[in-house]
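Enquirer: coords please:
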Amino acid sequence: MDSGSDYLPLQQPGAGYETGAGSGAANYVTQQSPASAYAAPGQGSGGGAGTAPKAKNYILPDPETGPWSGHKGRVPRVSVLPLYKMGQAPRYSEIKQQNIGNCYLAATLAALANTQGGRRQIVKMIKAQRGAITTVCHAYDSENARGPEQRLTSNRWFTVHFKGASVEVSDVLYHDDSDRDPNLMYMTTPNGDKALWGAIVEVAYAKLRGDYNKIGAGNITVNQFLDEFSIVKWTILVPAKDKDPIKKACKNAGKRASFIATKFEGTKILTQWHGYAVLGMSGEKVKLWDPFSGKAQEIEFSDLLSEVLAVITS
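Expert: Numbering: from 1, shown residues only. Modelled structure (predicted):
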């Protein structure tokens with residue numbers, strides 16, 4: 001991955017680095033929040049000159065309803081989390097996959113965020129927008145029963161640029177059905193919800209393909225994903241014939257994004273049929289990021305070769 005001038009510089013605090021609810025506050029807005037809480041820029045919550053602009057309309061893609069849903073309710077809520085942590089570019093350690101089998105997406109995002117050029121690519125990919133937007137959505141209970149239509153109004157939306165299309169999404173995301181402290185249902189950050197960039201790319205990709213089911217395991221191939229995701233050119237390496245290029249990719253993972261796809265069965269160290277971001281290599285040990293556990297781990301290079309189907313490198 002080139003880290004040259006074709007990437008936009010990293011954003012500084014401002015659009016896209018919203019401070020959110022602040023320390024100790026809820027990371028979402030309740031469904032009963034008054035519309036005045038979302039006054040458009042320059043508009044007061046009561047009276048004032050002019051008329052608030054008509055809100056954009058957006059339909060939240062339907063959630064995952066297969067075995068990954070884990071018999072949990074999924075409730076749309078307006079998130080007030082920042083897109084990125086204040087003053088910080090995206091990092092691989094901010095990616096955690098949950099409740100949907102899309103490790104390929106999580107591993108790719110973590111791999112990109114492990115490199116300078118990849119971080120710039122992510123920031124270039126997501127453009128934060130200010131303005132009223134109405135999200136048409138439905139809650140789903142633990143048995144996948146769909147609730148009545150809701151219209152949630154917020155004041156922030158995002159344009160996500162994929163290879164051949166741009167997708168607009170709002171900050172309304174599925175949360176679990178906890179009444180006390182609901183958390184993001186899908187892509188999030190380890191140890192609690194702290195930033196939205198992974199979730200925003202995920203919901204935009206679900207919107208691009210139709211819904212969350214269509215981005216889950218068994219419904220898309222890695223090749224399809226790489227063709228659609230971004231302008232980054234990827235190379236697929238296989239252990240049987242690419243041992244030396246794979247080692248080079250592991251050593252250079254801090255400069256050129258790489259991730260792995262493990263075998264469908266028979267692995268002893270790594271989770272089978274799973275994707276990991278490659279973080280680098282020290283001696284004969286390869287450091288990986290597991291997006292499902294939200295933790296780093298190491299594996300001997302020889303063991304890596306025996307447990308992976310492919311290493312995908314930029």
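Enquirer: and the strands in the protein, which stretches?
Expert: Counting by DSSP state E, the segments of the chain that form strands are 28-29, 56-59, 74-79, 126-137, 150-161, 166-170, 172-176, 235-237, 258-262, 275-282, 285-290, 295-300, 308-313.
Enquirer: buried sites along the fourth one?
Expert: Buried residues in strand 126-137, defined by neighbour count with 16 or more other CB atoms under 10 Å: 126-128, 132-135, 137. For every residue, glycine as well, the C-beta is placed using N, CA and C.
Enquirer: CA atoms only for it, dumped as CSV, please.
Expert: Only the C-alpha atoms of strand 126-137 are listed here, as CSV (Å, rounded to 0.1, in the frame of the first residue of the first chain):
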residue,chain,number,x,y,z
ILE,A,126,-15.5,8.2,5.4
LYS,A,127,-16.7,11.8,5.1
ALA,A,128,-18.7,13.2,8.1
GLN,A,129,-21.6,15.4,7.3
ARG,A,130,-23.7,17.8,9.4
GLY,A,131,-27.4,18.3,8.7
ALA,A,132,-30.8,16.9,9.7
ILE,A,133,-31.4,13.3,8.6
THR,A,134,-34.4,11.0,9.3
THR,A,135,-33.7,7.3,9.6
VAL,A,136,-36.5,4.9,8.8
CYS,A,137,-35.9,1.7,10.8
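Enquirer: remind me what that strand packs against, helices and strands.
Expert: Applying 3 or more CB pairs under 8 Å, 6 or more residues apart in numbering; DSSP states H and E, we find strand 126-137 packed against strand 56-59, strand 74-79, strand 150-161, strand 166-170, helix 197-209.
Enquirer: now do the shortest one: distance to the chain's middle.
Expert: Okay, so that is strand 56-59. 20 Å (CA atoms, centre = their mean, to the nearest Å).
Enquirer: swap in the fourth one?
Expert: Averaging C-alpha coordinates over strand 166-170 and over its chain gives two centres that are 13 Å apart (CA atoms, centre = their mean).
Enquirer: any idea of the mean pLDDT in it?
Expert: Average pLDDT, strand 166-170: 98.
Enquirer: could you dump it to CSV, C-alpha only?
Expert: Extracted C-alpha coordinates of strand 166-170, given in CSV (Å, rounded to 0.1, in the frame of the first residue of the first chain):
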residue,chain,number,x,y,z
SER,A,166,-20.6,6.0,-2.4
VAL,A,167,-23.1,5.2,0.3
GLU,A,168,-24.8,7.6,2.7
VAL,A,169,-25.7,6.4,6.2
SER,A,170,-26.7,8.1,9.4
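Enquirer: so what touches that strand?
Expert: Residues outside strand 166-170 that contact it (CB atoms under 8 Å, 6 or more residues apart in numbering): 56, 58, 60, 78, 129, 133, 135, 154, 156-160, 200, 203-205, 207-208.
Enquirer: ok so, going back, would you list the helices and strands packed on strand 126-137 in CSV and tack on mean neighbour count?
Expert: Listed next are the helices and strands packed on strand 126-137 as CSV, based on neighbours: other CB atoms under 10 Å:
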stretch, mean neighbour count
strand 56-59, 15
strand 74-79, 24
strand 150-161, 19
strand 166-170, 21
helix 197-209, 24
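Enquirer: hmm, back to that, can you pick out the most distant pair from the buried residues of strand 126-137?
Expert: K127 and C137 (22.1 Å; CB to CB).
Enquirer: okay, domains of the protein per the record?
Expert: Listed domain ranges for the chain are 51-90+122-215, 233-313 (source: automatic domain parsing).
Enquirer: so the closest residue to K287 other than its chain neighbours versus Y58, what's the distance?
Expert: Nearest residue to K287 in three dimensions, chain neighbours excluded: L279, at 4.2 Å (CB to CB, 6 or more residues apart in numbering). L279 sits 35 Å away from Y58, taking CB to CB, to the nearest Å as the criterion.
Enquirer: circling back to that earlier point, what about the domains of the chain, which gets the closest to Y104?
Expert: Across the domains of the chain, closest to Y104 is domain 233-313 (CB to CB), at 4.9 Å.
Enquirer: and the closest residue to P90 other than its chain neighbours, what is it in contact with?
Expert: Sequence neighbours aside, A113 is the residue nearest to P90 in space, at 4.6 Å (criterion: CB to CB, 6+ apart). By CB under 8 Å, 6+ apart, the contact set of A113 is 89-92, 94-95, 119, 122.
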